[in-house]
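A.B. asks: The following block contains a protein sequence and its predicted model.
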Amino acid sequence: DGGITQSPKYLFRKEGQNVTLSCEQNLNHDAMYWYRQDPGQGLRLIYYSQIVNDFQKGDIAEGYSVSREKKESFPLTVTSAQKNPTAFYLCASRTSTGGGYGYTFGSGTRLTVV
Amino acid sequence: GNSVTQMEGPVTLSEEAFLTINCTYTATGYPSLFWYVQYPGEGLQLLLKATKADDKGSNKGFEATYRKETTSFHLEKGSVQVSDSAVYFCALSSSNAGGTSYGKLTFGQGTILTVHP
């Protein structure tokens, strides 16, 4: 079955370390997104990519970086510059002609800084 | 810019009670509106959607009507079950007059629903 795979499900990081969250989709979707979820704040957009080798900052991009070398993959790196990285991270993808409703979400990665 | 405001939670109901979760929005362009549901430890699943004014989205007994005059998209269910316990997110995606979606979802803060037997 087609879908989005995020790994790992749980991730622990020491302060000062960079860490990369994986997101892979086999839906042949053009666009991919990274959201951050904090309790009581809903989801906030970190980065998004409409096509391969192109991506744009979302609302809270500081301290994060992404790449889009393949259509299927959109990894997110949480750098040491991110001051409060402990959160639940969700990856999503969408067809370019979805009219705004063709989104599929992964099951998320919970990152904890220890 | 776009924004979505949901009623504050958490909401606690008994099984078979009536559910309403309020959602209002501000948006440029011609937004599509969504309700997503998140079960514990999981990602988001699309519950229902409406793409133009007066459309009614429905799924699994849940309904929401796109009210442009009141900029609202309230979620309702006539009789909730314990299995409906989850976090519910209202969201919008804006598009231009030609229907081209900008592709970004704007979410409300989420409402935690707990249903007791």
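C.D. replies: Right, received. Where do you want to start? Residues are numbered from 1 along each chain as shown, chains lettered A, B, ... in the order given.
A.B. asks: Tell me the bridge partners for residue B:19.
C.D. replies: Taking DSSP bridges, one finds residue B:77 as the beta-bridge partners of residue B:19.
A.B. asks: That one: neighbour count?
C.D. replies: Neighbourhood size, residue B:19 [other CB atoms under 10 Å in any protein chain shown]: 18. C-beta coordinates here come from the backbone N, C-alpha and C atoms, glycine included.
A.B. asks: isn't it right next to residue B:85, touching?
C.D. replies: No - Residue B:19 is beyond contact range of residue B:85, at 11.1 Å (criterion: CB atoms under 8 Å).
A.B. asks: Need the residues touching each of those two.
C.D. replies: The overlap between the contact sets of residue B:19 and residue B:85 (CB atoms under 8 Å, 6 or more residues apart in numbering or on different chains) consists of residue B:113.
A.B. asks: which bits of chain B sit near chain A?
C.D. replies: Along chain B, the residues adjacent to chain A under the rule CB under 8 Å from any CB of the partner chain are B:4, B:31-32, B:34, B:36, B:41-46, B:49, B:51, B:89, B:93-95, B:99, B:101, B:103-105, B:107-110.
A.B. asks: Chain neighbours aside, what residue packs nearest to residue B:65?
C.D. replies: Among residues not flanking residue B:65 along the chain, residue B:56 sits closest, at 4.7 Å (CB to CB, 6 or more residues apart in numbering or on different chains).
A.B. asks: what about the strands in chain A?
C.D. replies: A:4-7, A:10-13, A:19-25, A:31-37, A:43-51, A:54-57, A:64-66, A:76-78, A:87-94, A:103-105, A:109-113 (DSSP state E).
A.B. asks: got these as JSON lines, with distance to residue B:70 columns?
C.D. replies: Putting these into JSON lines (distance: least, CB to CB, whole Å) gives the following:
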{"stretch": "strand A:4-7", "distance to residue B:70": "35"}
{"stretch": "strand A:10-13", "distance to residue B:70": "42"}
{"stretch": "strand A:19-25", "distance to residue B:70": "37"}
{"stretch": "strand A:31-37", "distance to residue B:70": "27"}
{"stretch": "strand A:43-51", "distance to residue B:70": "24"}
{"stretch": "strand A:54-57", "distance to residue B:70": "32"}
{"stretch": "strand A:64-66", "distance to residue B:70": "37"}
{"stretch": "strand A:76-78", "distance to residue B:70": "37"}
{"stretch": "strand A:87-94", "distance to residue B:70": "28"}
{"stretch": "strand A:103-105", "distance to residue B:70": "25"}
{"stretch": "strand A:109-113", "distance to residue B:70": "37"}
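A.B. asks: The ones you listed: which one's closest to residue B:60?
C.D. replies: strand A:103-105 (17.4 Å; CB to CB).
A.B. asks: give me every residue that touches residue B:39.
C.D. replies: Residue B:39 neighbours (CB under 8 Å, 6+ apart): B:45, B:86.
A.B. asks: which stretch in the strands of chain A has the least confidence?
C.D. replies: Lowest mean pLDDT within the strands of chain A: strand A:103-105, at a mean of 89.
A.B. asks: Who are the packing partners of that strand?
C.D. replies: Under the contact criterion of 3 or more CB pairs under 8 Å, 6 or more residues apart in numbering or on different chains; DSSP states H and E, strand A:103-105 touches strand A:87-94, strand B:44-50.
A.B. asks: if we look at it, which residues are touching it?
C.D. replies: Counting by CB under 8 Å, 6+ apart, A:3-4, A:25, A:27, A:29, A:33, A:90-94, B:36, B:43-46, B:105 sit against strand A:103-105.
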